[in-house]
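*Asks:* sequence first, predicted coordinates after that:
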Amino acid sequence: MFNVANHAEDGQAIKLPIYYISPQRNLIDRPENFQPFYQANPCVHEMVLIQPLTRQVIFQRHDYHRPNSGIVNLDSHFKASEFVHAGLIVNCEHKALDFYDQVLGLVRVVDNVECGYSVASRKILELKKENPDERMFNYYFIAPGYDLKEKNKIQSGNFEFLRLEGNLENKQTYSRPGCLGTSLYTLQVTNIDLYHQKVSNSEATEVTEIIINEFEEKSFSFVAPDGYFWTLLQS
């Protein structure tokens, strides 16, 4: 990850269209009364890398392992893995996220849990100052078929939501998440006609017809109730 940060810093220095936030350490389930050098110190370093067609949070694990999630390709230049999960930052009512389990069929394993702003989170999210009227809630959705409690069976491809409450300006119309570049807001489904009917009858908007895309796949797109643009593909 620090190699990626080096390239981002040098790219920015020569005026490439790059914006990044340098690596920040975030603790992961650290044991109580932790003793350095004697106990495992599970944590990640996270950085943000934004380019014209991509918005990525890149992280590196330390002192813990997920064998089926984030499988590093040692032959790749940056020793990187597949995408582990997609993140969505939303400014909407709690009930708007019911769409993801009640319509799309994802499994909600973390629901509306208020979380504080760690030092790392404040830097990653670029929060400039404490705001007593601002609150942040965490949600996590996974595909059906496995238990998040079985850590070694966790797979990539999950969705983590941060829902903000407060007076933040909503800039989704400007940023258009999912509309440009490579979109991770894509699901592969087994019965696309059924999903098209369910989405069409929901509070989603701008639902397209099912078409054959450039890869000869049946697909359609829509805007979810939280404002994110999604594409569904026939498996």
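*Replies:* Received it, and whenever you're ready, just let me know what you need.

*Asks:* if I pick the closest residue to Ala40 other than its chain neighbours, what's in contact with it?
*Replies:* Spatially, and ignoring its direct neighbours in sequence, Ala40 is nearest to Asp63 (4.7 Å; Cβ to Cβ, 6 or more residues apart in numbering). Where you see a C-beta, it was placed from the backbone N, CA and C, and this is true even at glycine. Under the criterion of Cβ atoms under 8 Å, 6 or more residues apart in numbering, the neighbours of Asp63 are Ala40, Asn41, Pro42, Cys43.

*Asks:* my reading is that Ser121 lies in a strand. Confirm?
*Replies:* No - when DSSP: H, G, I helix; E, B strand; the rest coil is applied, Ser121 is found to be helix, with no strand at that position.

*Asks:* burial count for the residue lying closest to it once chain neighbours are set aside?
*Replies:* Of all residues not flanking Ser121 in the chain, Asn26 sits nearest, at 7.3 Å (Cβ to Cβ, 6+ apart). Counted with other Cβ atoms under 10 Å, residues neighbouring Asn26 total 16.

*Asks:* what's opposite Asn26 in the beta bridge?
*Replies:* In this structure, Asn26 bridges to Val44 when assessed by DSSP bridges.

*Asks:* okay but it is in contact with Val44, surely?
*Replies:* Yes - the criterion here is Cβ atoms under 8 Å, and Asn26 meets it with Val44 at 5.3 Å.

*Asks:* show me the helices in this protein, by range?
*Replies:* Assignment of helices within the chain using DSSP state H yields the ranges 2-13, 98-102, 119-124, 172-175, 192-200.

*Asks:* what's in contact with the last one?
*Replies:* If I follow you right, that is helix 192-200. Contacting residues not belonging to helix 192-200 are listed as Val103, Leu104, Val189, Val207, Ile210, Lys218, Ser219, Phe220, Phe222, Leu232, Leu233, Gln234 [Cβ under 8 Å, 6+ apart].

*Asks:* who's in contact with the closest residue in space to the fifth one that isn't next to it in sequence?
*Replies:* Okay, so that is Ile210. Excluding the flanking residues, the one nearest Ile210 by Cβ to Cβ, 6+ apart is Phe220, at 4.8 Å. The contact partners of Phe220, by Cβ under 8 Å, 6+ apart, come to Ile192, His196, Val199, Val207, Thr208, Glu209, Ile210, Ile211, Thr231, Leu232.

*Asks:* relative to its centre, which residue of the chain is most distant?
*Replies:* Residue farthest from the centre of the chain, counting by Cα atoms, centre = their mean, is Tyr38 at 33.0 Å.

*Asks:* neighbours around Glu214, how many?
*Replies:* Counted with other Cβ under 10 Å, the burial measure for Glu214 works out to 6 neighbours.

*Asks:* pLDDT score for it?
*Replies:* Among the per-residue scores, Glu214 shows a pLDDT of 89.

*Asks:* ok, so what distance separates it from Leu233?
*Replies:* Distance of Glu214 to Leu233, computed by Cβ to Cβ, to the nearest Å: 12 Å.

*Asks:* what's the answer for Arg122, then?
*Replies:* Separation of Arg122 from Leu233 (Cβ to Cβ) stands at 36 Å.

*Asks:* same check, this time on Ile71
*Replies:* As defined by Cβ to Cβ, Ile71 lies at a distance of 22 Å from Leu233.

*Asks:* next one: Pro52
*Replies:* As judged by Cβ to Cβ, Pro52 and Leu233 stand 24 Å apart.

*Asks:* which of those two has more neighbours?
*Replies:* Neighbours were tallied for Pro52 and for Leu233 using other Cβ under 10 Å; the higher tally belongs to Leu233 (15 against 10).

*Asks:* show me what contacts that one?
*Replies:* Applying Cβ under 8 Å, 6+ apart to Leu233 gives the contacts Thr186, Leu187, Gln188, Val189, Ile192, Asn213, Glu217, Lys218, Ser219.
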